[in-house]
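# All I have is the shape, not the residue letters:
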Ligand SMILES: Nc1ncnc2c1ncn2[C@@H]1O[C@H](COP(=O)(O)OP(=O)(O)OP(=O)(O)O)[C@@H](O)[C@H]1O
Ligand SMILES: [Mg+2]
């Protein structure tokens with residue numbers, strides 16, 4: 001465990017702190033083990049270490065500010081273990097939502113702690129963040145709303161999860177994510193792929209443009225169309241592998257084409273938000289694309305169907321669409337051309353233009369649902 005030689009233990013119970021320390025001493029891989037009953041002081045130390053540490057934090061006694069401290073810690077280090085004597089689903093969800101990589105019920109079983117420390121050591125060596133999620137917005141038809149959804153979902157997800165969210169424009173020839181947000185990122189995806197994938201995190205992250213005062217980081221499409229032609233599927237795999245070390249959520253916008261790079265993006269995605277609208281040609285197209293996904297044997301739950309521009313009085317009902325596609329609809333986004341165009345023209349997210357509009361609240365709820373579903377899937381690990 002070369003990179004992570006300090007452990008910070010935040011626990012109000014002094015006996016429990018000593019037990020954890022004895023396990024860590026026995027594990028024997030750390031230069032320093034610091035124990036804190038005062039969480040704010042512990043947090044200051046985590047900041048001093050620039051997050052280069054493992055944190056074990058007890059939340060048995062959740063007070064005002066406890067969860068907020070966990071949320072701040074996760075911005076410094078992904079190696080956060082939360083413990084509690086209460087291991088109800090509710091507490092586990094709170095812990096994971098706050099940013100814990102692992103939840104350990106108390107009293108901590110030594111072997112369990114060793115398992116998690118080994119896992120962190122694996123992360124150090126492999127530098128792979130297996131819990132990070134690549135979420136791609138896709139439709140095999142152009143103009144369906146992919147970019148609108150990618151931009152606004154990413155922006156809401158960064159607010160809901162209070163963590164780093166990357167928004168990557170992999171519409172390699174006709175990207176417009178930066179136009180939607182009125183950004184001018186210093187580098188583009190082509191430059192990052194060719195020059196920065198082997199660099200340190202702080203260098204790589206500077207190639208992204210941070211969107212205002214949020215935790216949303218945007219990476220633009222290649223500046224010149226011919227550059228997109230030199231990007232290979234292997235480089236796309238490498239891009240995701242590298243970004244997953246930095247960003248817990250990676251939202252991808254892409255083109256409607258099906259070519260080798262597109263298939264690689266779809267294969268590498270953990271979740272595909274497959275988007276369609278309510279009209280017969282679009283649904284027929286959707287059906288063809290779902291057949292393609294079936295033939296690629298994507299796991300159940302990887303592909304989620306989104307209806308964009310939904311109107312209550314549409315002639316075709318949601319039930320008709322579900323029957324035709326043989327799949328449930330995951331989410332519906334209302335039609336609201338005026339608000340969306342206003343946001344695009346102002347180069348802002350919808351929530352900045354009209355948070356209370358039907359489309360503003362829809363995107364916030366959509367982001368909450370996705371993050372809740374990811375957490376829900378995570379906690380199945382804790383159910384016996
Ligand atoms: N929910 C919605 N209600 C009304 N208009 C919408 C909605 N979603 C998207 N639009 C409009 O549809 C148009 C196309 O949207 P967008 O650019 O996001 O699609 P796209 O799928 O990314 O297109 P392309 O395939 O060209 O990349 C935009 O003018 C946008 O304002
Ligand atoms: Mg687009």
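That came through fine. As the structure is a prediction and not an experimental result, all values here were calculated from the model. Numbering: from 1, shown residues only. Ligands and ions are numbered 1, 2, ... in the order given.
# tell me which parts of the stretch 101-250 of the chain are close to ligand 1?
139, 142, 143, 144, 145, 146, 147, 148, 171 (Cβ under 6 Å from any ligand atom). Just so you know, the C-beta spots here come from the backbone N, C-alpha and C atoms, and that holds for glycine as well.
# tally of neighbours for the third one?
Which is residue 143. Residue 143: 9 surrounding residues under other Cβ atoms under 10 Å.
# Identify, from the residues of the stretch 101-250 of the chain next to ligand 1, the entry nearest to ligand 2.
When these are ranked by distance to ligand 2 (Cβ to the ion), residue 147 comes first, at 3.3 Å.
# Quick check: beta-bridge partners of the nearest residue to residue 318 once chain neighbours are set aside?
Counting by Cβ to Cβ, 6 or more residues apart in numbering, the nearest residue to residue 318 once its immediate chain neighbours are dropped is residue 329, at 5.6 Å. Beta bridges link residue 329 to residue 305 when assigned by DSSP bridges.
# and residue 296, what pLDDT?
Residue 296 is assigned 91 on the pLDDT scale.
# doesn't residue 331 fall inside a strand?
Yes - assessed with DSSP: H, G, I helix; E, B strand; the rest coil, residue 331 lies in a strand.
# What is the burial count for the residue nearest to it when sequence neighbours are not counted?
Spatially, and ignoring its direct neighbours in sequence, residue 331 is nearest to residue 306 (5.1 Å; Cβ to Cβ, 6+ apart). Residue 306 is flanked by 25 other residues according to other Cβ under 10 Å.
# which ones are touching residue 306?
137, 149, 273, 274, 275, 276, 329, 330, 331, 332, 333 (Cβ atoms under 8 Å, 6 or more residues apart in numbering).
# Recalculate using a threshold of 6 Å.
Contacts for residue 306 were tallied using Cβ atoms under 6 Å, 6 or more residues apart in numbering; they are 273, 275, 331.
# Identify, from the residues you listed, the entry nearest to residue 185.
Nearest to residue 185, judged by Cβ to Cβ, of the contacts of residue 306 is residue 273 at 23.1 Å.
# Tell me which helix or strand residue 246 sits in.
Counting by DSSP states H and E, no helix or strand carries residue 246.
# Can you get me a residue count around it?
Residue 246: 19 neighbours (other Cβ under 10 Å).
# Now do the contacts for it.
With contact set as Cβ under 6 Å, 6+ apart, residue 246 has these partners: residue 201.
# Relative to residue 53, how far out is it?
When Cβ to Cβ, to the nearest Å is the yardstick, residue 246 and residue 53 sit 18 Å from each other.
# Kindly report the same for residue 205.
Taken as Cβ to Cβ, the span from residue 205 to residue 53 is 20 Å.
# Low-confidence bits of this protein, can you list those?
By pLDDT under 70, the low-scoring segments of the chain are 1-4, 122-130, 383-384.
# Confirm residue 17 sits in a helix?
Yes - the assignment for residue 17 by three-state DSSP puts it in a helix.
# I figured residue 275 was touching residue 140, is that so?
No - counting by Cβ atoms under 6 Å, residue 275 does not reach residue 140; the two are 9.8 Å apart.
# how far does the helix or strand harbouring residue 226 sit from the chain's center?
Under the criterion of DSSP H and E, residue 226 resides in helix 225-229. In terms of Cα atoms, centre = their mean, to the nearest Å, the centre of helix 225-229 is set 27 Å apart from its chain centre.
# now swap in stretch 69-78 and tell me
Taking mean C-alpha positions (Cα atoms, centre = their mean), stretch 69-78 and its chain are 15 Å apart.
# helices and strands around the helix or strand just after the helix holding residue 226, which ones?
Next along the chain after helix 225-229, taking DSSP H and E as the criterion, comes helix 233-243. Packing partners of helix 233-243 (3 or more Cβ pairs under 6 Å, 6 or more residues apart in numbering; DSSP states H and E): helix 260-268.
# Helix or strand next in line after the helix it packs on, which one?
That would be, after helix 260-268 and using DSSP H and E, strand 271-277.
# for that next one, packing partners?
Counting contacts by 3+ Cβ pairs under 6 Å, 6+ apart, strand 271-277 packs against strand 133-138, strand 303-310.
# wait, is residue 100 part of a helix?
No - going by three-state DSSP, the assignment for residue 100 is coil, not a helix.
# So which of residue 205 and residue 53 has more stuff around it?
The neighbour count for residue 205 versus residue 53, taken as other Cβ under 10 Å, is higher for residue 53 (24 against 18).
# residues contacting that one?
Neighbour list for residue 53: 6, 8 [criterion: Cβ under 6 Å, 6+ apart].
# Outline the domain layout of the chain.
The chain resolves into domains spanning 6-126, 133-382 when parsed by automatic domain parsing.
# can I get these in CSV with distance to ligand 2?
Output for these, formatted as CSV (distance: least, Cβ to the ion, whole Å):
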stretch, distance to ligand 2
domain 6-126, 30
domain 133-382, 3
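# what about the closest residue to residue 170 other than its chain neighbours, how many residues close to it?
Nearest non-adjacent residue to residue 170, counting by Cβ to Cβ, 6+ apart: residue 254, 4.5 Å away. Look at residue 254: counted by other Cβ under 10 Å, it has 24 neighbours.
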